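S.K.: take this sequence and fold it.
(one chain, ligands or ions: 2)
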Amino acid sequence: MLVVLTKNISPHDTDMIRAYLKDHGFAVRDQAFGDTALLGASGKGQADIRELSLLPGVERVAATSKPYELASRETQETDTIVSIGQVKIGGTRISVIAGPCAVESREQIFETAARARESGAVMLRGGAYKPRTSPYAFQGLGMAGLEYMKAAGEAYNMPIVTEVVSPELADRMNALTDMFQIGARNMQNFELLKKVGSLGKPVLLKRGPSATIEEWLLSAEYLLAAGTKDVVLCERGIRTFETYTRNTLDISAIPVVKALSHLPVIVDPSHAVGIRAKVASAALAAIAAGADGLTVEIHPNPDAALSDGPQSLYPAQFEKLMRDIEALSPVVGKELLRTPRSPERAAAPSAAAPAADGAAMPVAFTGESGAFAEQALIRAFGEDAGRLQTKTFSAVFDAVLDGKAAFGVVPLENSLAGSVRENYDLFMRYPDVTIVGEIKLRIVHCLIAREEASTDSIKTVRSHPQGFSQCEAFLAKHPDWRLETWNNTASAVLSAAKETDAVAIKTVAAIASDAAAKAHGLKVLKSGIETDPRNYTRFVILARNDGNGAPVPPSMGERTPDKASLVFSVKDEPGSLYGCLKILSEEGINLSKLESCPILGQPWNYLFYADVNIPANAAVFDDAIAKLKARAVSFYFLGSYPASL
Ligand code: PEP
Ligand code: MN
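M.R.: Residues are numbered from 1 along each chain as shown. Ligands and ions are numbered 1, 2, ... in the order given. From the prediction side, this is the model:
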């Protein structure tokens with residue numbers, strides 16, 4: 001049990017609470033969690049929680065059924081997001097750490113950092129002090145190795161993580177590393193945990209080769225109790241009777257630990273399987289099982305590596321793995337984290353750029369909390385991004401144009417229901433607003449209602465028309481339900497939450513996201529009611545182009561735009577569309593989307609919505625666009641941006 005004390009509690013009140021706990025048979029320990037003081041009560045004692053809560057100076061009593069309290073989901077429902085400089089681990093992102101097993105030389109760590117960065121890793125790993133099974137094996141370069149790694153991390157703008165093997169070294173290493181790693185062999189080195197936890201820095205805690213999940217979480221508890229708030233758990237394989245692989249990757253530990261604890265969980269597939277050819281499969285399985293990221297061993301020349309060469313990926317294998325992770329992430333509702341390659345870029349407009357008064361500008365989206373657009377916004381800008389809710393899509397464009405929001409997020413296309421024409425129209429009407437990024441979000445629809453309702457009692461269903469059309473097959477099974485159209489899915493949920501009428505409470509449901517149900521305190525009657533599970537919406541991020549270009553969302557890193565969206569119309573005469581497409585074809589530009597849409601108020605005239613891939617040679621692209629513009633009757637360039645897979 002944990003007793004959270006009020007901010008300005010007097011020593012007298014603290015003593016009284018301590019005495020109360022001791023009188024009731026508890027062993028009491030003083031703890032701090034950030035700037036909050038806590039009393040931890042353990043042992044066989046018993047106390048009336050309500051009575052305890054009423055003592056002066058008690059803010060809250062967290063009664064957990066688990067021996068680990070600070071690490072337990074029972075004490076904190078929301079996911080902890082650990083920040084290591086610009087990198088965040090947890091939430092809806094997949095964060096990938098890569099680097100060699102050991103730092104071997106300045107050249108080796110710089111080359112590895114370059115390759116890791118190029119493929120999209122956001123943090124650099126590497127051992128300076130190596131806990132090797134044999135005393136005769138390479139033990140690491142020590143502090144010199146750490147200095148090389150720090151320099152490489154700075155050169156490629158990647159925070160670094162390195163293993164600390166003894167409490168004596170912790171202070172010296174603290175000045176150089178951004179995150180400490182506690183190795184598997186040291187998971188229960190309690191003096192080391194206490195020392196490292198007290199430094200307050202983020203810690204990557206590997207699971208011991210023979211540790212149970214509970215022992216692992218108790219080791220995390222040591223770190224949290226000692227003072228750090230930022231612990232990332234790392235499953236790296238456990239010892240079983242199987243000898244084919246180096247260890248056995250305990251995939252099932254991922255969902256188990258995610259349910260038991262609020263701490264992020266990442267996976268080290270390299271030490272888990274120990275065989276290079278098996279690392280990528282294990283890594284993808286980990287992502288599918290819900291891991292928040294990976295730490296992967298890579299080496300520019302694994303055959304010459306001084307440690308763990310056989311399990312280290314060649315840079316090209318890592319590059320392929322990152323592409324696969326990028327494609328898989330949206331399936332599990334996540335996005336591969338990207339960070340800027342240079343610190344200057346990190347300081348550039350974030351979510352968002354400072355307004356004239358110095359306050360950060362928000363990002364605009366349409367709908368209430370829990371809207372799919374808000375989920376896309378969080379993917380692109382993080383949980384901390386300021387948000388501006390609007391009622392209509394055009395209000396998002398206005399907010400961006402008027403400088404009330406640094407960026408906006410709107411849906412452009414759904415894989416089942418097609419293009420959102422209204423937003424295409426808005427881009428044509430707002431020439432100073434341009435697309436600067438895209439997020440592909442997997443859309444899982446739920447039937448949501450009040451606690452009192454059941455599927456059998458529902459008579460009315462509210463949602464956005466897209467919600468209805470994406471759930472057609474499910475709705476066809478309930479032909480008697482009345483469908484009511486709302487501005488967006490989350491506002492349909494909010495309306496159901498606000499119903500006071502006794503009949504409506506039982507009969508009204510909404511179709512929206514799980515997040516919307518949570519945000520408005522409603523129950524999910526059925527999840528996954530979209531007609532096809534491969535249901536994605538492509539949201540675009542928009543920004544104002546002030547003539548000198550538009551800001552770029554920091555999460556897009558420094559990825560060069562490789563996709564552009566266009567709208568054009570052609571003359572009503574033979575070969576006119578062919579003439580436009582021929583220009584692209586002759587320049588070798590790939591067309592990834594072409595759709596025709598009737599022009600409002602001009603019967604039998606059509607606009608073409610096109611997406612094209614931008615070739616490496618930008619001059620070729622500019623030339624093609626100029627020719628296309630000249631050839632088309634009307635032409636709108638909606639923006640160029642890095643494609644999301
Ligand atoms: C490492 O990450 O380099 C390492 C030694 O891992 P583990 O502690 O999991 O064996
Ligand atoms: Mn290793």
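
S.K.: going forward, measure contacts and count neighbours with C-alpha atoms only.
M.R.: Fine.

S.K.: is it correct that residue 609 falls within a strand?
M.R.: Yes - secondary structure of residue 609, determined by DSSP: H, G, I helix; E, B strand; the rest coil: located in a strand.

S.K.: that one and residue 432, how far apart?
M.R.: 19 Å (C-alpha to C-alpha, to the nearest Å).

S.K.: same deal with residue 15?
M.R.: In terms of C-alpha to C-alpha, residue 15 sits 64 Å off from residue 432.

S.K.: which one's more surrounded, the two?
M.R.: The neighbour count for residue 15 versus residue 432, taken as other C-alpha atoms under 10 Å, is higher for residue 432 (18 against 11).

S.K.: for that one, phi and psi?
M.R.: Dihedral angles of residue 432 (phi, psi; degrees, to the nearest 10) stand at phi -90, psi 0.

S.K.: ok, residue 232 next?
M.R.: Residue 232 has phi and psi values of phi -110, psi 130 when expressed as degrees, to the nearest 10.

S.K.: tell me how far it lies from residue 52.
M.R.: Separation of residue 232 from residue 52 (C-alpha to C-alpha) stands at 32 Å.

S.K.: what about these two, which has more around it?
M.R.: Legend: neighbour count by other C-alpha under 10 Å for residue 232 and residue 52, higher for residue 232 (25 against 16).

S.K.: show me the contacts for the more buried one.
M.R.: Counting by C-alpha atoms under 8 Å, 6 or more residues apart in numbering, residue 232 makes contact with 82, 89, 202-205, 263-266.

S.K.: those also near ligand 1: which ones?
M.R.: Within the set of those, contact with ligand 1 (C-alpha under 6 Å from any ligand atom) is found for no member.

S.K.: so which of those residues belong to strands?
M.R.: Those of the contacts of residue 232 mapping onto strands are 82, 89, 203-205, 265-266, per DSSP state E.

S.K.: what about residue 497, which SS state?
M.R.: In three-state terms, and counting by three-state DSSP, residue 497 is helix.

S.K.: correct me, but it touches residue 519?
M.R.: No - between residue 497 and residue 519 no contact is recorded; they are 10.2 Å apart, counting by C-alpha atoms under 8 Å.

S.K.: look at these two and report which has more neighbours.
M.R.: Set side by side, residue 497 and residue 519 show more neighbours around residue 497, with 21 against 16, by other C-alpha under 10 Å.

S.K.: what separation do you get for that one and residue 448?
M.R.: The value you get for residue 497 to residue 448, if C-alpha to C-alpha is used, is 10 Å.

S.K.: overlap in contacts of these two?
M.R.: Counting by C-alpha under 8 Å, 6+ apart, the shared contacts of residue 497 and residue 448 are residue 522.

S.K.: what strand or helix carries residue 467?
M.R.: Using DSSP states H and E, the secondary-structure element containing residue 467 is helix 465-470.

S.K.: show me where the stretch 351-500 of the chain has its strands.
M.R.: With DSSP state E, counting those that start in this stretch as the definition, the stretch 351-500 of the chain shows strands at residue ranges 363-366, 387-390, 407-414, 418-419, 433-442, 446-449, 460-463, 482-485.

S.K.: show me the contact partners of the shortest one.
M.R.: Okay, so that is strand 418-419. The list of residues contacting strand 418-419 from outside it, by C-alpha under 8 Å, 6+ apart, reads 412-413.

S.K.: run me through the strand neighbours of it, direction for each.
M.R.: Each strand that strand 418-419 pairs with, and the sense of that pairing, follows from DSSP bridges: strand 407-414 (antiparallel).

S.K.: how about the contacts made by the closest residue to residue 493 other than its chain neighbours?
M.R.: The spatial neighbour of residue 493 that comes closest, neighbours along the chain excluded (C-alpha to C-alpha, 6 or more residues apart in numbering), is residue 510 at 5.4 Å. Residues touching residue 510, when contacts are defined by C-alpha under 8 Å, 6+ apart, comprise 447-449, 461-463, 489, 492-493, 496.

S.K.: run the last query once more with 7 Å
M.R.: 447-449, 461-463, 492-493 (C-alpha atoms under 7 Å, 6 or more residues apart in numbering).

S.K.: how about residue 595?
M.R.: For residue 595, the contacting residues are 608-610, by C-alpha under 7 Å, 6+ apart.

S.K.: off-centre distance for whatever helix or strand it lives in?
M.R.: Residue 595 belongs to strand 591-599 when assigned by DSSP H and E. Counting by C-alpha atoms, centre = their mean, to the nearest Å, strand 591-599 is centred 32 Å from the centre of its parent chain.

S.K.: quick one: strands adjacent to whichever helix or strand residue 605 is part of?
M.R.: Secondary-structure element containing residue 605, defined by DSSP H and E: strand 602-613. Taking DSSP bridges as the criterion, strand 602-613 forms sheet pairs with strand 563-569 (antiparallel), strand 591-599 (antiparallel).

S.K.: most packed of those strands?
M.R.: Of these, the one with the most neighbours on average (mean count of other C-alpha atoms under 10 Å) is strand 563-569, at a mean of 21.

S.K.: what is whatever helix or strand comes next after that strand packed up against?
M.R.: Helices and strands here follow DSSP H and E; after strand 563-569, the next one along the chain is helix 576-586. When contacts are defined as 3 or more C-alpha pairs under 7 Å, 6 or more residues apart in numbering; DSSP states H and E, helix 576-586 sits against helix 618-631.

S.K.: which other helices and strands contact the helix it packs on?
M.R.: Other helices and strands packing on helix 618-631, by 3+ C-alpha pairs under 7 Å, 6+ apart, are helix 576-586.

S.K.: which residues are contacting the helix it packs on?
M.R.: With C-alpha under 7 Å, 6+ apart as the contact definition, helix 576-586 has outside contacts at 570, 624, 628, 631.

S.K.: can you give me the buried ones in that helix?
M.R.: For helix 576-586, burial by neighbour count (16 or more other C-alpha atoms under 10 Å) applies to 576-577, 580, 583-584.

S.K.: out of these, which one sits closest to residue 37?
M.R.: Set against residue 37, the nearest of the buried residues of helix 576-586 by C-alpha to C-alpha is residue 584 (65.2 Å).

S.K.: which residues of this protein lie near ligand 1?
M.R.: With the criterion set to C-alpha under 6 Å from any ligand atom, the chain comes near ligand 1 through 101, 127, 183-185, 206, 236, 271.

S.K.: mind putting these into TSV with distance to residue 376?
M.R.: Output for these, formatted as TSV (distance: C-alpha to C-alpha, whole Å):
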residue	distance to residue 376
101	35
127	36
183	35
184	36
185	40
206	31
236	31
271	34
